[in-house]
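Asker: Generate a structure from the sequence data that follows.
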Amino acid sequence: MSRIVRFAASGGPEVLAFEDVVVPDAGPGEVRIQVKAIGINRAEAMFREDAYIESPNLPAQLGYEAAGVIDSIGEGVTGFELGDVVSTIPAFSMNQYGMYGEVVLAPIHAVVKHPPSLSHEEAASVWMMFVTAYGALIESAKLTPQDVVLIPAASSSVGLAAIQIANLVGATPVALTRTRAKRQQLLEAGAKHVIVTGEEDLVAEVLKITDGNGARVIFDPVGGASFPKLMEVLAVEGIILLYGALDDGATSIPVLDFLAKRQTIKAHNIWQTSGDPTRLKESVRYIVQGFASGALKPVIDRIFTFDEIVEVHRYLEANGQFGKVVVTV
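Answerer: Here you go, the predicted structure:
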């Protein structure tokens, strides 16, 4: 028997409930994992609310990231053994698999062996944040040491991963944050500049940092009302990678400036990388190498217990965290 988390109706954190289920042996192309830690993502809260890129098939499981130990291996799985310590990458639908459980099944294409330098909690926290940022900055933007990259909502786990990857490349990461409360933390996390958008003139500050040229790359999870200002500070032939909708209001584009500056707006999500076996393998290689060198490292805000899963989602939605929220099992 295993406790898992399910929800029978979409809604707030209170819809999450524990159920005792029998988790079968791993089927073809699967492994079964005794979970030690779970990484919590905003995508899961959106899925719970039926506000995600796919709707839940109720009653639904949820969860993308877990770390633990393999205790069953399905037919056709090679390269793994019973007892291997592994973690999961978001590379599946939550309508098919969910990682919020004491024991879970996972598709083998989404399972990687545990990076040796990481704890269970750290391994459960890293793949959504680093693969998302890698895909945007390395694959799509082809970031170079000459680039300035603007990172709105920079204190999120993906934002912090983007700061680290920009520094690894040698680019200049500029963190955007609404209030001064996290300014010093962002500098300590590697941001070369921090712009407090609630107090400072975004356009003036970016033009000062870039000698009037604007930023070539913007990695934005917000959209909404602030988007036209981001477009204003985007360089000629620059690219905005939009990977979220934290502001669910209308996102408008100043069309004439957009055309005149020949800019690119590109939708981005982790599936661009995790959905392609070749790209996923290369992203894992890059990220693990970054862990080994110390250039990349997890940033965990707070660790909860599995029993606190409802409170975990409430905490996530309060938007006060700096980095990843993790649950131990």
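
Asker: For the rest of this, base every contact and every neighbour count on C-alpha atoms.
Answerer: Will do.

Asker: What is the neighbour count of the closest residue to residue 89 other than its chain neighbours?
Answerer: Using Cα to Cα, 6 or more residues apart in numbering and skipping residues adjacent in sequence, the residue nearest residue 89 is residue 110, 5.0 Å away. A count of nearby residues for residue 110, using other Cα atoms under 10 Å, gives 19.

Asker: Name all residues that make contact with residue 110.
Answerer: 88, 89, 90, 91, 92 (Cα atoms under 8 Å, 6 or more residues apart in numbering).

Asker: Name the nearest of the residues you listed relative to residue 167.
Answerer: Nearest to residue 167 out of the contacts of residue 110 is residue 89 (Cα to Cα; 23.4 Å).

Asker: show me what contacts the closest residue to residue 263 other than its chain neighbours?
Answerer: Leaving aside its chain neighbours, residue 263 sits nearest to residue 237 (4.5 Å; criterion: Cα to Cα, 6+ apart). Contacts here follow Cα under 8 Å, 6+ apart; on that basis residue 237 touches 216, 261, 262, 263, 264.

Asker: ok, so of those, who is nearest residue 48?
Answerer: Residue 48 lies nearest to residue 264 out of the contacts of residue 237, by Cα to Cα, at 31.9 Å.

Asker: follow-up on the earlier one: separation between the residue nearest to residue 89 and residue 308?
Answerer: Per Cα to Cα, to the nearest Å, residue 110 is found 26 Å from residue 308.

Asker: Let's verify residue 218: helix, strand, or coil?
Answerer: Under DSSP: H, G, I helix; E, B strand; the rest coil, residue 218 falls in the strand class.

Asker: Which residues does it form beta bridges with?
Answerer: Listed beta-bridge partners, residue 218: residue 150, residue 240 (assigned using DSSP bridges).

Asker: now do residue 326
Answerer: Applying DSSP bridges, one finds that residue 326 bridges with residue 39, residue 303.

Asker: What is the burial count for it?
Answerer: For residue 326, the count of nearby residues is 26 (other Cα under 10 Å).

Asker: pretty sure it contacts residue 126?
Answerer: No: using Cα atoms under 8 Å, residue 326 is not in contact with residue 126, being 10.4 Å away.

Asker: Now do the shared contacts for these two.
Answerer: Joint contacts of residue 326 and residue 126 (Cα under 8 Å, 6+ apart) are residue 39.

Asker: give me the element residue 104 is part of.
Answerer: According to DSSP states H and E, residue 104 maps onto strand 103-107.

Asker: who does that strand pair up with?
Answerer: The strands that strand 103-107 pairs with in its sheet are strand 30-40 (antiparallel) (by DSSP bridges).

Asker: tell me how far whatever helix or strand comes next after the partner strand is from the chain's mean position?
Answerer: Where DSSP H and E defines the elements, the next helix or strand beyond strand 30-40 is helix 42-48. With Cα atoms, centre = their mean, to the nearest Å as the basis, helix 42-48 stands 12 Å off its chain's centre.

Asker: Who are the packing partners of helix 42-48?
Answerer: Counting contacts by 3 or more Cα pairs under 8 Å, 6 or more residues apart in numbering; DSSP states H and E, helix 42-48 packs against helix 309-317.

Asker: Quick check: mean pLDDT of the helix it packs on?
Answerer: Across helix 309-317, pLDDT averages out at 96.

Asker: For that helix, which residues meet the burial criterion?
Answerer: Going by neighbour count (16 or more other Cα atoms under 10 Å), the buried part of helix 309-317 is 309, 310, 312, 313, 316.

Asker: What of stretch 141-158?
Answerer: 141, 143, 147-158.

Asker: Looking at the residues you listed, which are in helices?
Answerer: Secondary structure from DSSP state H places 157, 158 of the buried residues of stretch 141-158 in helices.

Asker: how about the buried residues of stretch 141-158 in CSV, adding distance to residue 106 and pLDDT?
Answerer: As requested, these are exported to CSV (distance: Cα to Cα, whole Å; pLDDT from 0 to 100):
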residue, distance to residue 106, pLDDT
141, 31, 96
143, 33, 97
147, 38, 97
148, 38, 97
149, 35, 98
150, 35, 97
151, 32, 97
152, 33, 96
153, 31, 93
154, 30, 94
155, 29, 92
156, 26, 92
157, 23, 93
158, 23, 95
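
Asker: Quick check: of the buried residues of stretch 141-158, which lies closest to residue 39?
Answerer: Of all these, residue 39 sits closest to residue 157, with 10.7 Å by Cα to Cα.

Asker: I'd like to know how far that closest one sits from residue 319.
Answerer: Distance, residue 157 to residue 319, by Cα to Cα: 12 Å.

Asker: Then residue 92?
Answerer: 26 Å.

Asker: who's more crowded, those two?
Answerer: residue 92 (18 against 11).

Asker: from the middle of its chain, how far away would the helix or strand of the chain with the lowest mean pLDDT be?
Answerer: Here the helix or strand of the chain ranked lowest by mean pLDDT, DSSP states H and E is helix 255-260, holding a mean of 90. Per Cα atoms, centre = their mean, the displacement of helix 255-260 from the mean C-alpha position of its chain is 31 Å.
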